[in-house]
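> Okay, here's the prediction I keep looking at, along with the sequence it came from:
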Amino acid sequence: MRFAYVIAGSEATGGAGLQVDLKTFQQLGVYGIGTITCIVSFDPKNNWAHRFVPISPDVIADQFEAANAAQDLDTVKVGMLGTPETIDAVAAALISKDWRHVVLDPVLICKGQEPGAALNTDNALRQKILPLATVVTPNNFEAQALSGLDRLETVDDLIEAGRRILEYGPAAAVVKGGIDFPGPDAVDVLVERSPGGREPKVEVLSVPKIGQERVSGAGCTFASAITAELAKGASVLEAVRTAKAFVTRGIEQRVSAHTPFDTVWQGA
């Protein structure tokens, strides 16, 4: 039995967050265990805006202790954290033991927070969690924020963003062009640190875009699929390739709802 662990927020509709992570783990054949950092409930009476409730750092620490006492966990995905206090608690937990892989889905802006609080959260994530990551999976917006680039419009831009993100300390970055990337293709670039200070290795993954609308849960599914494959012993490149194909199928067979957006179907 292989185990995968996730530290992330709960999203009540089941289309993102820890619910998606556990579904992805199950579908890819690993036993999923999760720690909840916050609760996000969309508000259907207010244009589906986010309602955000953080979990107490003490409760996060308790969950971490129980999960890691129950199983020998060595591969973890980190998703939405939401506040500097949560980030402190998660960073302390992560550095308390050795990990084979840490996959970070860097949810920089927590919708529903005031701009100042969001900035504090972003800075804490960069300083305390990002350096611990094996793989970080920023979307187009997050990659711009982390790299300092104004726009990501070419493959070379995605590669340069990945190179800059590696300077924070992770071993690899998957920069996702997503729906905002110009052209007909959904392009992701894996930039992976090479031994001995050599030039990073680069792999471009591209498939035709499926429509022009955002699909909820794609980023969560992608990062958790990478986590599941790493837990099974895949290389980073193998894990990213599998995750790309997994998400593509999930978007092709996406689930409609009464929400303004569709969601990825992990069972596709």
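Structure's in. What do you need?
> could you show me where the helices are in the stretch 1-150 of the chain, in order?
For the stretch 1-150 of the chain, the helices defined by DSSP state H, counting those that start in this stretch occupy 17-27, 57-70, 84-94, 115-128, 140-147.
> Including mean neighbour count and mean pLDDT, could these go into JSON lines?
(Glycine included, C-beta is placed from N, CA and C.) Shown next, in JSON lines, are these (neighbours: other C-beta atoms under 10 Å; pLDDT from 0 to 100):
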{"stretch": "helix 17-27", "mean neighbour count": "24", "mean pLDDT": "98"}
{"stretch": "helix 57-70", "mean neighbour count": "15", "mean pLDDT": "98"}
{"stretch": "helix 84-94", "mean neighbour count": "19", "mean pLDDT": "97"}
{"stretch": "helix 115-128", "mean neighbour count": "16", "mean pLDDT": "79"}
{"stretch": "helix 140-147", "mean neighbour count": "21", "mean pLDDT": "92"}
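> who wins for proximity to I33 among the ones you listed?
Closest to I33 of the helices of the stretch 1-150 of the chain is helix 57-70 (C-beta to C-beta; 5.0 Å).
> Select the longest strand from this structure.
Counting by DSSP state E, the longest strand found in the chain is strand 31-43.
> Now do the buried residues in it.
Neighbour-count burial for strand 31-43 flags G32, I33, G34, T35, I36, T37, C38, I39, V40, F42 (criterion: 16 or more other C-beta atoms under 10 Å).
> Give the bridge partners for the third one, please.
Beta-bridge partners of G34, counted by DSSP bridges, are V6.
> For V174, name its beta-bridge partners.
L190.
> closest one to G250 among the helices of the stretch 1-150 of the chain?
Per C-beta to C-beta, nearest to G250 of the helices of the stretch 1-150 of the chain: helix 17-27, 8.8 Å.
> Tell me the helices and strands packed up against that closest one.
Judged by 3 or more C-beta pairs under 8 Å, 6 or more residues apart in numbering; DSSP states H and E, the packing partners of helix 17-27 are strand 3-11, strand 31-43, helix 218-231.
> now those as JSON lines including mean pLDDT and distance to T259?
Shown next, in JSON lines, are the helices and strands packed on helix 17-27 (pLDDT from 0 to 100; distance: least, C-beta to C-beta, whole Å):
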{"stretch": "strand 3-11", "mean pLDDT": "97", "distance to T259": "11"}
{"stretch": "strand 31-43", "mean pLDDT": "96", "distance to T259": "7"}
{"stretch": "helix 218-231", "mean pLDDT": "98", "distance to T259": "14"}
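> any chance of the ones you listed in a markdown table, with distance to N140 too?
Formatted as a markdown table, these follow (distance: least, C-beta to C-beta, whole Å):
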| stretch | distance to N140 |
| --- | --- |
| strand 3-11 | 21 |
| strand 31-43 | 21 |
| helix 218-231 | 11 |
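> Need the residue closest to the centroid of the chain.
Against the mean C-alpha coordinate of the chain, by C-alpha atoms, centre = their mean, the closest residue is D105 at 2.1 Å.
> Count the residues that sit near the residue nearest to R254 when sequence neighbours are not counted.
Closest residue to R254 apart from its sequence neighbours, by C-beta to C-beta, 6 or more residues apart in numbering: D262 at 4.2 Å. Applying other C-beta atoms under 10 Å, we find 18 residues neighbouring D262.
> Quick check: buried residues in the helix or strand where V207 lies?
In this assignment (DSSP states H and E), V207 forms part of strand 201-208. For strand 201-208, a neighbour-count test (16+ other C-beta under 10 Å) marks L205, S206 as buried.
> partners of it, with directions?
Sheet pairing for strand 201-208, using DSSP bridges, gives strand 185-192 (antiparallel).
> Show me what the mean pLDDT comes to for the strand it pairs with.
The pLDDT scores in strand 185-192 average 97.
> so what's Q63 up against?
When the contact criterion is C-beta atoms under 8 Å, 6 or more residues apart in numbering, the partners of Q63 are T35, I36.
> Contact partners for the residue nearest to D180 when sequence neighbours are not counted?
Closest residue to D180 in three dimensions, ignoring its sequence neighbours and counting by C-beta to C-beta, 6+ apart: N140, at 4.3 Å. Each residue near N140 by C-beta under 8 Å, 6+ apart is listed here: L152, V175, K176, G177, G178, D180, F181.
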